[in-house]
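Participant: Sequence and predicted structure, then a few things I'm wondering about:
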Amino acid sequence: MSFYHLDPNSAGERLALQLERLGDYRVLRRLPKPEEIWCRSMPVPDNTVTLAIVDCETTGLDPERHKMIEFAVGKLVIDPDAGDVINVAPPLSWLEDPAEDLPIEIERLTHITSGMLIGKWIPDAEVISALQGVDVLVAHNAKFDRSFVTRRFPALAKLPWACSMNEVDWSALGWGGGRSIASLLTQGGFFLPDAHRAAADVWATTCLLASAPAGGRSVAAHLIETARRTTHRLYAMRAPYECKEVLKAANYRWSPERRAWWIEGEPERIANEAAWLRGISKSVEPTFEQVTWFERHC
């Protein structure tokens with residue numbers, strides 16, 4: 001990450017550099033504070049994009065049965081053309097009482113207890129106010145977070161969403177390992193305190209998006225470029241059961257709602273996929289849908 005540097009003359013940084021010079025150690029640094037992130041100087045361009053980075057903690061994985069217990073939102077403003085970071089805002093966060101005891105595994109994961117939530121309520125007006133002027137909502141697992149956030153705040157279903165986990169080519173930008181927040185931070189030389197708390201995860205994601213690999217465009221600019229594109233989703237309707245393993249091996253995913261295997265990609269690639277589908281079985285009926293960032297993570 002090249003968006004900020006610790007003071008090279010501080011005692012801690014001198015010790016860290018000494019350890020790293022030995023070749024047997026790798027030191028993880030703390031995440032930067034908002035004022036330590038480099039932002040572009042004036043003048044600010046007219047075509048900025050404001051990203052709201054969001055995260056929620058919940059009582060479980062099913063948005064129809066489980067409830068949100070914590071919600072956090074931070075903001076990042078970029079110049080999508082130059083790729084520069086214009087402004088960064090630290091996260092705001094709120095707790096909410098689910099009116100039921102938390103499962104023990106959720107308490108262990110988040111360190112949020114049932115007692116901490118008694119009488120808490122996320123103020124809808126504050127959340128909507130915090131998201132005024134936002135162009136796109138970003139989550140590190142957008143399909144999961146969107147399902148809970150839009151159920152709790154239906155107005156946010158009208159905004160586009162982007163996924164920092166799946167819509168950034170992290171390996172191409174220099175991160176060669178896993179795509180979890182903790183893994184990406186470790187690869188970048190940082191550690192995440194308070195993992196699995198919404199505000200901490202939002203700030204970590206903000207820092208990752210604000211970074212500029214090799215001094216180039218910010219990761220956020222790469223994300224917006226990818227997320228804005230229009231893709232096609234191809235459903236293999238009426239595919240016989242015996243085609244299941246072939247489709248899975250070709251990276252198709254199962255849609256319980258459509259009861260069909262599907263894949264998404266650029267229009268030219270999807271046209272070729274449709275021809276391939278017809279070749280594996282005469283029963284398959286390829287069906288296309290155009291997908292934008294308004295419906296991609298529904």
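Facilitator: Sure, I can see it. Worth saying up front: this structure is predicted, and the values here are computed from it rather than measured. Residues are numbered from 1 along each chain as shown.

Participant: helix, strand or coil for residue 40?
Facilitator: coil (DSSP: H, G, I helix; E, B strand; the rest coil).

Participant: Please apply the same query to residue 73.
Facilitator: strand.

Participant: unless I'm mixing things up, it is touching residue 52, no?
Facilitator: Yes - using C-beta atoms under 8 Å, residue 73 is in contact with residue 52, at 5.4 Å. Every residue, glycine included, has its C-beta placed from N, CA and C.

Participant: Quick check: neighbours shared by the two?
Facilitator: 130, 131 (C-beta atoms under 8 Å, 6 or more residues apart in numbering).

Participant: What values do phi and psi take at the residue most central in space within the chain?
Facilitator: The centroid of the chain falls nearest to residue 140 when counting by C-alpha atoms, centre = their mean (1.8 Å). Backbone torsions for residue 140, taken as degrees, to the nearest 10, come to phi -80, psi -20.

Participant: and the gap between it and residue 113?
Facilitator: 24 Å (C-beta to C-beta, to the nearest Å).

Participant: ok, now residue 95?
Facilitator: Distance from residue 95 to residue 113, by C-beta to C-beta: 11 Å.

Participant: Please say which of those two ends up with more neighbours.
Facilitator: It is residue 95, of residue 95 and residue 113, that has more neighbours when counted by other C-beta atoms under 10 Å, with 18 against 12.

Participant: Without its sequence neighbours, what residue ends up closest to that one?
Facilitator: Leaving aside its chain neighbours, residue 95 sits nearest to residue 120 (4.1 Å; criterion: C-beta to C-beta, 6 or more residues apart in numbering).

Participant: count of residues packed around the one you found?
Facilitator: Residue 120: 13 neighbours (other C-beta under 10 Å).

Participant: Am I right that it is in contact with residue 97?
Facilitator: Yes - the pair residue 120 / residue 97 is scored as a contact, 4.9 Å apart, by C-beta under 8 Å.

Participant: Show me the helices in the stretch 1-150 of the chain, by range?
Facilitator: 11-21, 104-110, 114-117, 124-130, 142-152 (DSSP state H, counting those that start in this stretch).

Participant: Please enumerate the strands of the stretch 101-250 of the chain.
Facilitator: Using DSSP state E, counting those that start in this stretch, the strands of the stretch 101-250 of the chain run over 136-139, 161-163, 231-237.

Participant: can you put those strands in TSV and add mean pLDDT and mean neighbour count?
Facilitator: As requested, the strands of the stretch 101-250 of the chain are exported to TSV (pLDDT from 0 to 100; neighbours: other C-beta atoms under 10 Å):
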stretch	mean pLDDT	mean neighbour count
strand 136-139	98	24
strand 161-163	98	24
strand 231-237	96	21
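
Participant: chain center to the helix or strand harbouring residue 288, what's the gap?
Facilitator: Per DSSP states H and E, residue 288 falls inside strand 285-291. On the basis of C-alpha atoms, centre = their mean, to the nearest Å, strand 285-291 sits 26 Å off its chain's mean C-alpha point.

Participant: again with stretch 63-82
Facilitator: 8 Å.

Participant: same question for that stretch, mean pLDDT?
Facilitator: In this model, stretch 63-82 has a mean pLDDT of 96.

Participant: Output the contacting helices and strands for the worst-scoring helix or strand of the chain on mean pLDDT.
Facilitator: Here the helix or strand of the chain ranked lowest by mean pLDDT, DSSP states H and E is helix 11-21, holding a mean of 91. Counting contacts by 3 or more C-beta pairs under 8 Å, 6 or more residues apart in numbering; DSSP states H and E, helix 11-21 packs against no other helix or strand.
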